[in-house]
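Q: I'll drop the sequence and a predicted model, then ask my questions.
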Amino acid sequence: MPIRIFNCKDGYVNMDDKILHRLKVDEDKTDLPDLTDIYNLAYAVIDGLPQQLQNVTQNLIIRVENFTDEQTLQSLNITDKYDLLGLYRGIPLPLKSLHDNSILPDIIFLYRGPLIRFARDNGESLSRLVYHVVIHEIGHHFGYSDQDVDWLDHLEN
């Protein structure tokens with residue numbers, strides 16, 4: 001089933017499942033995916049985006065960590081470190097100024113431990129989950145709230 005994401009300029013853009021085929025972690029591997037595996041999955045998502053979206057995501061940094069820090073969990077009122085799969089930190093595009101000389105880059109954080117556990121507990125492939133989380137966080141980069149992104153997800157189904 002194609003995954004649809006919303007692009008303000010072009011409306012819905014279908015993301016073909018063949019992109020997901022490129023997002024494979026070696027199925028024969030008996031150990032858990034490491035940080036590099038998650039990083040490679042995330043950048044495969046970015047590389048698979050249509051060119052018009054790649055142009056506005058080229059300055060995003062993907063950072064993969066095992067878990068988020070305690071301060072971030074507290075600031076989001078999250079008590080279980082496994083409840084946060086990813087996080088966007090930055091200034092959403094609609095709020096940026098042409099003359100914005102911000103020093104800090106926009107970053108999408110992915111959290112390896114929670115991603116692996118969620119995929120395992122829900123019978124979902126890690127590649128598909130990473131794809132979903134990266135697209136969700138890119139939605140925040142475009143200025144969408146969690147409710148907006150959740151609403152768009154429901155339109156897919």
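A: Perfect, I can see it now.
Q: So for the chain, the centremost residue is which one?
A: V134 (1.3 Å; CA atoms, centre = their mean).
Q: What values do phi and psi take at that one?
A: phi -60, psi -50 (degrees, to the nearest 10).
Q: If you average the pLDDT over the host helix or strand of Y39, what comes out?
A: Secondary structure from DSSP states H and E places Y39 in helix 35-48. Over the span of helix 35-48, the pLDDT mean works out to 92.
Q: Now the helix or strand just after that helix: buried residues?
A: The helix or strand immediately downstream of helix 35-48 is helix 51-57, counting by DSSP H and E. For helix 51-57, a neighbour-count test (16 or more other CB atoms under 10 Å) marks L53, T57 as buried. Yep, even glycine has a C-beta here, placed from its N, CA and C like the rest.
Q: For helix 51-57, name the packing helices and strands.
A: With contacts taken as 3 or more CB pairs under 8 Å, 6 or more residues apart in numbering; DSSP states H and E, helix 51-57 sits against helix 35-48, helix 126-141.
Q: Just put those in a markdown table and tack on distance to N77.
A: Listed next are those as a markdown table, based on distance: least, CB to CB, whole Å:
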| stretch | distance to N77 |
| --- | --- |
| helix 35-48 | 25 |
| helix 126-141 | 17 |
